[in-house]
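Peer 1: One predicted model, sequence on top.
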Amino acid sequence: MDGAGHCELTESSLLIWLYKNTFLCSQDSISKFLHCCHICPDACLPFPALLHPRSGFINLDKPSNPSSHEVVAWIRRILRVEKTGHSGTLDPKVTGCLIVCIERATRLVKSQQSAGKEYVGIVRLHNAIESEAQLARAIETLTGALFQRPPLIAAVKRQLRVRTIYESKLVEYDPERRLGIFWVSCEAGTYIRTLCVHLGLLLGVGGQMQELRRVRSGILGETDNMVTMHDVLDAQWQYDNNKDDSYLRRVILPLEKLLTSHKRLVMKDSAVNAICYGAKIMLPGVLRYEDGIELNQEIVVITTKGEAICLAIALMTTAVISTCDHGVVAKIKRVIMERDTYPRKWGLGPKASQKKMMIQKGLLDKHGKPNESTPESWKMEYVDYRDASRKEAAADHQAVSEVDRAAKRKRDSESENEEAVTPPSPATPPPEELSKKEKKKRKKEKKAQEAAESGGEQIERTSESSSKKKKKKKHKEVEESSD
């Protein structure tokens, strides 16, 4: 694109790029995209954005002995960045794949922590077993949903939890040293140390974990550009002293690489900044979409350059998107892109422009609400959505209160029915005819009468006891005088 805004790309070069780098391979889709690019010369071209070394992630080979938090703190100090995070804690002695997210990529930490993991470990058995096949069968038995309690060494609450083992197999067994190497694919949060203890109990000989290495975290494994702490330090030194960022770009990968397994939704450039501010992902703003999107599936919303805008939950399937022309496509889960990376494109429609002019002329107040000089035609069409939302909230509250009243009435009627079952005395009228006040009055009178009767009985008893005491006293005096 030159300074005048004319597109210099040929159709053939765009076709080559699209076939190599996108998921759209149909001629119709490509022709539509070419048409969009040529009628909008100021739109962003579909070439990958330059990777900024300060916003990405490192597939780190964690060394043994330091904790995961220590390693992440060291990287933060080496790269001189503000925010770092990791994709699941490894125990100090455990080595292997630890995804360290930097700056903006820390927004993806939660989604990476919940991703599946793969481990290779060594288990030590306390006593000899019959054969290697027995150990292999026991390891394969420990698959599916298992109960686990975190070990004593773990710095978490030791409560019972369920974790799923997807697959496990024995790699090698040394009967002389009673050591077995095994591979496990499991859910996030699984304790392999506990799994080794359960394995020993299952075999009846006892066992413990000797060594452990994580070989895969989410979609990244040992072969996916894994680097060491020394590589990170050397890359930063090269950048500081020689101003060469090529090593940093090899070490720090773009955050979009973590999202390559997600289904994609490509948005128009005019809708990108609105989504960054929390706007709904509407169908008119969608440029392209991937096949196979299911309802309530986690998808990634991207720009035409391939930059991640946000993670979202799909509210429409691919079939519905292809047949509809309006509606909400997905609900935002986590915004990844910074605000105002793309220009603001909302508030430029005919209604918004008219509203701005009326505010300038004084026909509307500074908030865009009607005032004394607002034309009647505008007042007729004007809808205050805030008032509408308040009314809806009030209506909901009223509905809840009505439900409570109905429940109270039901309870009262049940209590009245219970009272009606008890046979009324002939002197009193039936309870159905009595009002509430009369009922209360009668209850009070009844209680007072019962209290008076009980009080009278007590007085009679006390008088009887006092007369008996007097008689005994007189009898004693008579006996003493006779003596």
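Peer 2: Arrived safely, thanks for sending.
Peer 1: Does His198 touch Thr141 like I think?
Peer 2: No. Contact criterion C-beta atoms under 8 Å: His198 and Thr141 do not qualify, at 9.8 Å. Backbone N, C-alpha and C define where each C-beta goes, glycine included.
Peer 1: Neighbour count for these two, which is higher?
Peer 2: A count of neighbours by other C-beta atoms under 10 Å puts His198 above the other of His198 and Thr141, at 17 against 12.
Peer 1: For that one, give me its contacts.
Peer 2: Counting by C-beta atoms under 8 Å, 6 or more residues apart in numbering, His198 touches Leu142, Leu146.
Peer 1: tell me which element it falls in.
Peer 2: According to DSSP states H and E, His198 maps onto helix 192-203.
Peer 1: buried set for that helix?
Peer 2: For helix 192-203, the neighbour count (16 or more other C-beta atoms under 10 Å) marks Ile192, Arg193, Thr194, Leu195, Cys196, Val197, His198, Leu199, Gly200, Leu202, Leu203 as buried.
Peer 1: could you dump these to TSV with distance to Pro66?
Peer 2: Formatted as TSV, the buried residues of helix 192-203 follow (distance: C-beta to C-beta, whole Å):
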residue	distance to Pro66
Ile192	19
Arg193	18
Thr194	23
Leu195	24
Cys196	23
Val197	25
His198	28
Leu199	28
Gly200	29
Leu202	33
Leu203	33
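Peer 1: Tell me which helix or strand comes right after the longest strand seen in the chain.
Peer 2: Longest strand in the chain, counting residues (DSSP state E): strand 161-174. Next helix or strand after strand 161-174 toward the C-terminus (DSSP H and E): strand 179-186.
Peer 1: helices or strands next to that next one in the packing?
Peer 2: Other helices and strands packing on strand 179-186, by 3 or more C-beta pairs under 8 Å, 6 or more residues apart in numbering; DSSP states H and E, are strand 117-125, helix 132-141, strand 161-174, helix 192-203, strand 207-217.
Peer 1: Start and end of stretch 102-109, how far apart?
Peer 2: 10 Å (C-alpha to C-alpha, to the nearest Å).
Peer 1: Stretch 200-212 too?
Peer 2: End-to-end distance for stretch 200-212: 16 Å, by C-alpha to C-alpha.
Peer 1: Other residues contacting it?
Peer 2: Applying C-beta under 8 Å, 6+ apart, the external contacts of stretch 200-212 come out as 91, 93-96, 119-129, 134-135, 138, 141-142, 179, 192-193, 195-197, 199.
Peer 1: Could you identify the buried members of those?
Peer 2: Buried subset of the contacts of stretch 200-212 (neighbour count, 16+ other C-beta under 10 Å): 91, 94-96, 119-125, 129, 135, 138, 142, 192-193, 195-197, 199.
Peer 1: Tell me the confidence at Gly368?
Peer 2: At Gly368, the model reports a pLDDT of 84.
Peer 1: what about the residue lying closest to it once chain neighbours are set aside, distance to Ser377?
Peer 2: Closest residue to Gly368 apart from its sequence neighbours, by C-beta to C-beta, 6 or more residues apart in numbering: Lys355 at 5.6 Å. Counting by C-beta to C-beta, to the nearest Å, the gap from Lys355 to Ser377 is 14 Å.
Peer 1: Mind checking which of these two has more residues around it?
Peer 2: Using other C-beta under 10 Å, the more surrounded residue of Lys355 and Ser377 is Lys355, with 16 against 8.
Peer 1: Return the set of buried residues in the strand or helix carrying Gln112.
Peer 2: Per DSSP H and E, Gln112 falls inside helix 109-113. Within helix 109-113, the residues scored as buried using 16+ other C-beta under 10 Å are Val109, Ser111, Gln112, Gln113.
Peer 1: Do you know the pLDDT at the closest residue to the first one other than its chain neighbours?
Peer 2: In space, not counting the residues next to it along the chain, Val109 is nearest to Gly85; the distance is 4.1 Å by C-beta to C-beta, 6+ apart. pLDDT, Gly85: 91.
Peer 1: Equivalent analysis for Ala115, please.
Peer 2: Here, the pLDDT recorded for Ala115 equals 86.
Peer 1: Do I have it right that it meets Ala188?
Peer 2: Yes. Judged on C-beta under 8 Å, Ala115 makes contact with Ala188 at a distance of 6.3 Å.
Peer 1: tell me the contacts of Thr106?
Peer 2: So Thr106 contacts Lys83, Thr84, Gly85 (C-beta under 8 Å, 6+ apart).
Peer 1: For Asp61, state which of those is nearest.
Peer 2: Thr84 (16.4 Å; C-beta to C-beta).
Peer 1: so how far is Tyr247 from that closest one?
Peer 2: Here the distance between Thr84 and Tyr247 works out to 19 Å (C-beta to C-beta).
Peer 1: Same drill for these two, tell me which one is more crowded.
Peer 2: Taking other C-beta under 10 Å, Thr84 and Tyr247 do not tie; Thr84 has more neighbours (23 against 18).
Peer 1: Find me whatever residue is spatially closest to the more buried one, sequence neighbours aside.
Peer 2: Closest residue to Thr84 apart from its sequence neighbours, by C-beta to C-beta, 6+ apart: Arg76 at 4.4 Å.
Peer 1: what about that neighbour, neighbour count?
Peer 2: Arg76 has 16 neighbours, counted by other C-beta under 10 Å.
Peer 1: helix, strand or coil for it?
Peer 2: The three-state label given to Arg76 by DSSP: H, G, I helix; E, B strand; the rest coil is helix.
Peer 1: related to what we said a few turns ago, list the contacts for the residue nearest to Val109?
Peer 2: The contact partners of Gly85, by C-beta under 8 Å, 6+ apart, come to Val72, Val100, Cys101, Thr106, Val109.
Peer 1: what bits of the stretch 51-200 of the chain have low per-residue confidence?
Peer 2: 51-53, 153-155 (pLDDT under 70).
Peer 1: oh sorry, the question was meant for the stretch 301-450 of the chain
Peer 2: For the stretch 301-450 of the chain, applying pLDDT under 70 flags the ranges 385-397, 399-401, 403, 411, 414-437.
Peer 1: All the helices of it, residue numbers only.
Peer 2: For the stretch 301-450 of the chain, helices defined by DSSP state H, counting those that start in this stretch occupy the ranges 318-323, 350-361, 376-381, 385-421, 436-482.
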